[in-house]
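In: this one's sequence-less:
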């Protein structure tokens, strides 16, 4: 008998050759009906897989990320099958599952247009109803190449030829359709209950601009129509909240062909930027950080020493000064290291916290640029902390608390991931184990649940990533904490310990916003441009009803500005209804309307974006109200 250890630690004994799906059925019929795949010994697997040795087993449903991945991987095959049924001469490239959906790349002699998606989707629904079984089979390398060549699938042949000689070459068959694939998949097409095709885009074969441009169809899949409808509603809401659209409407920023990927901030956008940066400085000063500023251009040899040359040079910009080679910094850490090295430090000074709002430049492909979310120049709210080994847990715990308090001010919930050593990394196994355990201890001390993201750490150390959840359920990776043993070694950093000897410090890299530009883009979409009063570039707009109130209107504006409020005045010769509508479209938190009654009584008539008409108020009472809202940083969604 074979032993199967389940997630809860219980053990089942099954006959050799029993399929994973049969074990799921044994546990619970309800679980089996919901099951999409499994993790066998920690790796994704399908329900059709036979069990021939003792294993650990976790059954996956749509609630599990890997379960969703398996379902959507099958959906990509259903898409390819539908396209081949409708357009047999189209050639297949690749079709993986991705976050929130899937895509498939095709080589067609004609354009696959948005108008064609409905027809393809209808054929996909038909394939789902046919409930075709997915059957895996394997072929020797030569036979696999011949098999795909006979089908005139050139891209599949290329993929097979590029596989290692000892790689198992597997295929999946569903009805008349067969695709090269490593799997895993759900048991049958009938499991994919709800499908929606979303868009068509261009994509270079294998992501290389030198290769042919293919046509990529994006889609998503769910096990329930209600869940799909909810996701589609979220997408519609996301379109309304697009920061590029709102940024233009509110005159916050712009992008220009003269500087692709380099955002231009307008006066109102700068107001918000400055508020974010000033709040950042306030928080960091209270937390005993010292602010520094380091150059944007530094000698190329520095980047060799830091390791960025070997691990990051494709994303860097370079220049020459006096015939010497220089690089525009993609990261701030080497600059902070040079500041640290400028003096000898004692253990009594540690931890030393150096914070920097540093402008960095990274080369992104033009197709990846997206408003403020993906740019080539951005301000990273970095801090680099130099500390002793025995300070790791306490210091990381303190950083976690700072980040937590920061996000709560903006009304964000978040979840945490711990990313471990990648394949392309520097340092010894011992250093990586010590660093990873230090982060785990800090997370445990903070009482934060976290997910382990294997192999996704920085090349110099493991990291903790903070993923913000916005008001419509999307997540954004912003804050990060990285523990680094490598750069202190490479730069020969030291401090004098209590024993009078030199010791090597540990280095922490951390950001809260991530980048000011991206965080602003997230805020625009989170609030749909309706910023809380403390962030809003214009907090109050004052408007008159007729010409006779202009003098009093300007006097009110002056009084509000004296109190430090950000105020605009609208004394145009327009109807008051038009002025109010314009202020509403600009999402200004408060409006003050001045008519004859207000002039006579020396009061104001105020309207709140959230609460509507506030009635007649004394100016002093209005100022007290709005200043309290600003001071408390109240978030109105």
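Out: Looks like it came in fine. A quick note: this is a predicted structure, and the numbers were derived from the prediction, not measured.

In: what does the least confident helix or strand in the chain by mean pLDDT contact?
Out: Taking mean pLDDT, DSSP states H and E as the measure, the chain has helix 308-312 as its least confident helix or strand, at a mean of 81. Among residues not part of helix 308-312, those counted as contacts by C-beta atoms under 8 Å, 6 or more residues apart in numbering are 300, 303, 304, 316, 330, 331, 334, 424, 459. Yep, even glycine has a C-beta here, placed from its N, CA and C like the rest.

In: show me the helices in the stretch 251-400 of the chain, by range?
Out: Secondary structure of the stretch 251-400 of the chain (DSSP state H, counting those that start in this stretch): helices located at 267-286, 300-306, 308-312, 333-341, 392-409.

In: lowest average pLDDT across those helices?
Out: Averaging pLDDT over each of the helices of the stretch 251-400 of the chain singles out helix 308-312 as the lowest, with a mean of 81.

In: what's the offset of that one from the middle of its chain?
Out: Shown here is helix 308-312, whose average C-alpha point lies 23 Å from the average C-alpha point of the whole chain (C-alpha atoms, centre = their mean, to the nearest Å).

In: mind listing what's buried in that helix?
Out: Under the neighbour-count criterion of 16 or more other C-beta atoms under 10 Å, helix 308-312 has 308, 311, 312 buried.

In: do the same with stretch 135-142
Out: Within stretch 135-142, the residues that qualify as buried by neighbour count (16+ other C-beta under 10 Å) are 136, 139, 141.

In: nearest to residue 32 among those residues?
Out: Relative to residue 32, the closest of the buried residues of stretch 135-142 is residue 136; by C-beta to C-beta it sits at 19.8 Å.

In: what's across from residue 105 in the sheet?
Out: residue 216 (DSSP bridges).

In: ok, it touching residue 214?
Out: Yes - the pair formed by residue 105 and residue 214 meets the contact definition of C-beta atoms under 8 Å, at 4.4 Å.

In: what touches both of those two?
Out: In the contact map built from C-beta under 8 Å, 6+ apart, the residues linked to both residue 105 and residue 214 are 93, 203, 205.

In: excluding residues flanking it in the chain, which one is nearest the first one?
Out: I take that to be residue 93. On the basis of C-beta to C-beta, 6 or more residues apart in numbering, the spatially nearest residue to residue 93 that is not a chain neighbour turns out to be residue 105, at 3.7 Å.

In: quick one: contacts for the one you found?
Out: Taking C-beta under 8 Å, 6+ apart as the definition of contact, the neighbours of residue 105 are 92, 93, 94, 95, 203, 205, 214, 215, 216.

In: how close does it sit to residue 210?
Out: Noted for residue 105: a distance of 16 Å to residue 210, by C-beta to C-beta, to the nearest Å.

In: domain parsing of this structure, as residue ranges.
Out: Under the assignment automatic domain parsing, the domains of the chain span 2-61, 70-231, 253-295+354-527, 540-631.

In: looking at those domains, which is nearest to residue 241?
Out: Using C-beta to C-beta as the criterion, the shortest distance between residue 241 and the domains of the chain is 4.3 Å, found for domain 253-295+354-527.

In: how long is that closest one end to end?
Out: Domain 253-295+354-527 stretches 16 Å from its first residue to its last (C-alpha to C-alpha, to the nearest Å).

In: surely residue 129 touches residue 192?
Out: No - because the distance of 10.5 Å does not satisfy C-beta under 8 Å, residue 129 is recorded as not touching residue 192.

In: so which of these two has more stuff around it?
Out: Set side by side, residue 129 and residue 192 show more neighbours around residue 192, with 22 against 10, by other C-beta atoms under 10 Å.

In: and the gap between the more buried one and residue 613?
Out: As judged by C-beta to C-beta, residue 192 and residue 613 stand 51 Å apart.

In: thinking again about what came up before, most packed of the helices of the stretch 251-400 of the chain?
Out: helix 333-341 (a mean of 20; mean count of other C-beta atoms under 10 Å).

In: so what sits opposite the residue nearest to residue 293 when sequence neighbours are not counted in the bridge?
Out: What sits nearest to residue 293 in space, not counting adjacent residues and going by C-beta to C-beta, 6+ apart, is residue 356, at 6.4 Å. Using DSSP bridges, the bridge partners assigned to residue 356 are residue 382.
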